[in-house]
Structures are given as structure tokens and as C-alpha cells.
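Engineer: Fold the following and give me the result.
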Amino acid sequence: MRRLSAAEVHEQKVLELGLDPSALDLTSIEAIAGALRRAASFLCPCAPPTLVRDVVRPLRGLVDDLKTVKVLVENTLDAMIAHGDIFEHRDMIEDSPEHRISTLLYAAPAAFVTRKSGAAILLGIASDQLSALPDDLEARIEYVNHLRRLNPTPGENLQDELVKLGLIKVTYADWLRMPSIETANQYLLQLNRLLDAVQPSRDVPGLLLLDPERPVRYYRGRWVEPRSQSGRFVARRNQAYGAQLWCYVQLHNGNPEHLLDLPLTGSRWRGCDEAWRLQLAIDAMRGKAQQFRIRPGPKSTAVMEFFSPVPMWAQRRWDAVGEPVPSSGCLFAYRLPETELAEETRFAREILWLDEIAGSVKQT
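Structural biologist: Numbering: from 1, shown residues only. Below you'll find the predicted structure:
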């Protein structure tokens, strides 16, 4: 029996995921998201590294740079958790050394969110098959990175049809799960009061700081090791097992004095979401707010470009009104209809405390 070439394996496996092999290969975000959904249907509940390994391991020998693909799989998984395909549950293990945090992933049930246009954003994972939809609807799904959209045909009540198929209708407000609106100063004061109340900290292994002195337009370059810094910082720290934890730490001459783990007890958001929102507030209150840029897009659209991560509730909002697009010179970008631009610009300024870069161009 003839052995398949790497290209033929890519084509076959992409087809098995219900995608177009003439446009995508196994390293595309669409295929990686499909592979993560399929793996989650069998493996969940499981730890995030287990899911990542199950997707990355079969790619050995099929891709040139497995480490780069692994990072792409991890980033795609984060996006799918933020989107609502997969739920993340965190527990404090009280009797473990250093009160270790355990994280488990659960496959969300098949669901959808309806847009004003009547289109549906598909969420969740079918437990025993590739899709919860019949073949005719499955063929109409639009795959954009980790997102799946379904547009109604003329006269079709897509919402009623999806409900009859057993999908759960999720309201737009419940899907966004936005926090209450407050100023950067109000949010920062709240976190500072909580940090003041915690017990003094000792040595914190593997501490990395988000340095507010570093340029806001280069997120990766803002991460530094503690040296002689004094002040309060968003940070990450090691734990004995599992991924690094997010925290808010007070330092004096590089030594931790107080530390508050994120997410806060009882929070419905991930640690990274609270940490990124906190850094947004810190930068805004320092007068060096994080930034966004607008450039023209095709066919009455505009592209909003961002240079730092944002909480999942902001990404969900933009998932609903636009689509993520590749863009050089920024961390991520969304293409939006021009009709949505004013509202989303206001959201970025008032809710995320971002500044628009001077010279941004709005398409007329």
C-alpha cells in the first residue's frame, strides 16, 4: 500500500474536519480549532496541556516547526475558551503545597448566539460527532479562524431551526458577560484595597512583571524579571504543577511584599482577563494608556488594530460584530462594518480606557 505524502495527509485530515483542503492545511487556525473541538469531545474534562498535546503530537513529521505550531495551538485554545467553545474551571487545592491551582477544561454544549442580522454564531462542541448540525446546514458554515458563523437564507428563521435541532440559545448579553462599567481609577482603587488587605508575601518563585515603563505598543517586550523595582505590578508566577498563575504584586527593591492571585475568589473571569484589565487601568492612570489604530478596510469596512491583549468579553463583542483578520505591526486586529465603527471606538475608549493613535484613518 502506497504511503501518503505529507501534503496528502494534510488534505485528508482537513477533509475529515469538514474543511476545505484547497484553502486550508492542518496548521491553519481553522483546522487547529477543529482539531481542538474534536479532541475536547473525547478528552474533556482534562487539563489544558492534555488537550494541546493531543492536537500537536499527530503533527510530528507533518510540519517543519513543531514548537511554533504548539504555540499556535495554545493561542487558539485560549481564543476558544474566550469565545465559549470550551469552559475553564479553576479550583484551589487547599491541602497541596503552596495551595496549588488546578485547571480543568470542559466541552461546552452545542449552542448559538443570534446577531441582529439573523446570522448565528455557533458555540460549543457536539459530544459524539463532528457537528451538531445536519449536512445541509453544516455545508453552509463560514469558518473564520476559531469562529463558526451561519447565515440565514431568504425567509429562513435560522434561530427556530437551531433550537429544534437541540442547540441552546444564548442571549447576546449572557454571552458577552461584561463587567459593570467603571472608570480606570475606580477599578484600580478596588484592586489596590484588596492588595492592601492580603498577608505579607515571602519569596515568589519564577516571578515575571509587566513593566508599565515599557512601550505599550510592544506587549511581549513589557515582560521583565524583577530586579530593583518598587511599586505595584501585574505579574505571573510559577506553581509546582501547571501553567503560571496571574497575580498583582507589590515589590520593594525587587522583593515581593504583598501578592494577590488572579482571578479573584468567586470571579467569573479568567486570571488573564482580570490581569489584562488591571494593566489597562494602570496604564491609563499613568497617562500612558494602551492604544488602538484604525485603518481602511475593503467594501465599507474598517480595521481596528490592537497592540496588547484584552479580556475575553471584549473579544466576544468584536466576534459578534466583525471578524478577526491578520494584520502586521499589531498583536491582533478586527475588521468591522463602517456602521459599527463609531460604537466600537467609543467602547474601546470608555470601557477599555484605550487611546486612539493619532493619524488613524477612518474610511469614508
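Engineer: And the helix ranked longest in the chain, what's buried?
Structural biologist: Using DSSP state H, we find that the single longest helix of the chain is helix 66-83. Going by neighbour count (16 or more other Cβ atoms under 10 Å), the buried part of helix 66-83 is 69-70, 72-74, 76-83. Backbone N, C-alpha and C define where each C-beta goes, glycine included.
Engineer: Quick check: can you list the domain ranges of this structure?
Structural biologist: 6-91, 110-176, 184-285, 291-356 (automatic domain parsing).
Engineer: now, which of the buried residues of helix 66-83 sits nearest T103?
Structural biologist: When those are compared for distance to T103 (Cβ to Cβ), I81 wins out at 10.2 Å.
Engineer: Find the residue closest to the closest one in space, skipping its chain neighbours.
Structural biologist: Distance criterion Cβ to Cβ, 6 or more residues apart in numbering; nearest residue to I81, sequence neighbours excluded, is E88 at 5.1 Å.
Engineer: Return the set of buried residues in the helix or strand of the chain with the lowest mean pLDDT.
Structural biologist: The weakest-scoring helix or strand in the chain, judged by mean pLDDT, DSSP states H and E, is strand 86-92 (a mean of 77). Applying a neighbour-count criterion of 16+ other Cβ under 10 Å, the buried positions in strand 86-92 are I86, E88.
Engineer: got a list of contacts for the following helix or strand past that strand?
Structural biologist: Following strand 86-92 in sequence order, the next helix or strand is strand 101-107 (DSSP states H and E). Here strand 101-107 makes contact (Cβ atoms under 8 Å, 6 or more residues apart in numbering) with 37, 40-41, 44-48, 51, 81, 85-93, 124-125, 127, 239, 242-243, 245, 261.
Engineer: Dump strand 101-107 to PDB, restricted to CA.
Structural biologist: What follows is strand 101-107, C-alpha atoms only, in PDB (Å, rounded to 0.1, in the frame of the first residue of the first chain):
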ATOM      1  CA  ILE A 101      -4.400  25.900  41.400                       C
ATOM      2  CA  SER A 102      -5.900  23.100  39.400                       C
ATOM      3  CA  THR A 103      -7.400  24.000  36.000                       C
ATOM      4  CA  LEU A 104      -9.800  21.700  34.100                       C
ATOM      5  CA  LEU A 105     -11.400  22.200  30.700                       C
ATOM      6  CA  TYR A 106     -14.900  21.200  29.800                       C
ATOM      7  CA  ALA A 107     -16.500  21.000  26.400                       C
END
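Engineer: got the angle between it and helix 66-83?
Structural biologist: Counting by axes from the mean of the first three to the mean of the last three Cα atoms, to 10 degrees, strand 101-107 points 80 degrees away from the direction of helix 66-83.
Engineer: tell me the mean pLDDT over the helix or strand just after strand 101-107?
Structural biologist: Towards the C-terminus, the helix or strand next in line after strand 101-107, according to DSSP H and E, is strand 111-114. Here strand 111-114 scores 92 as its mean pLDDT.
Engineer: residue nearest the centroid of the chain?
Structural biologist: Closest residue to the average C-alpha location of the chain: A79 at 3.3 Å, with Cα atoms, centre = their mean.
Engineer: Let's see the pLDDT reported for H258.
Structural biologist: Taking H258 on its own, its pLDDT is 94.
Engineer: ok, now H99?
Structural biologist: If you check H99, the pLDDT there is 50.
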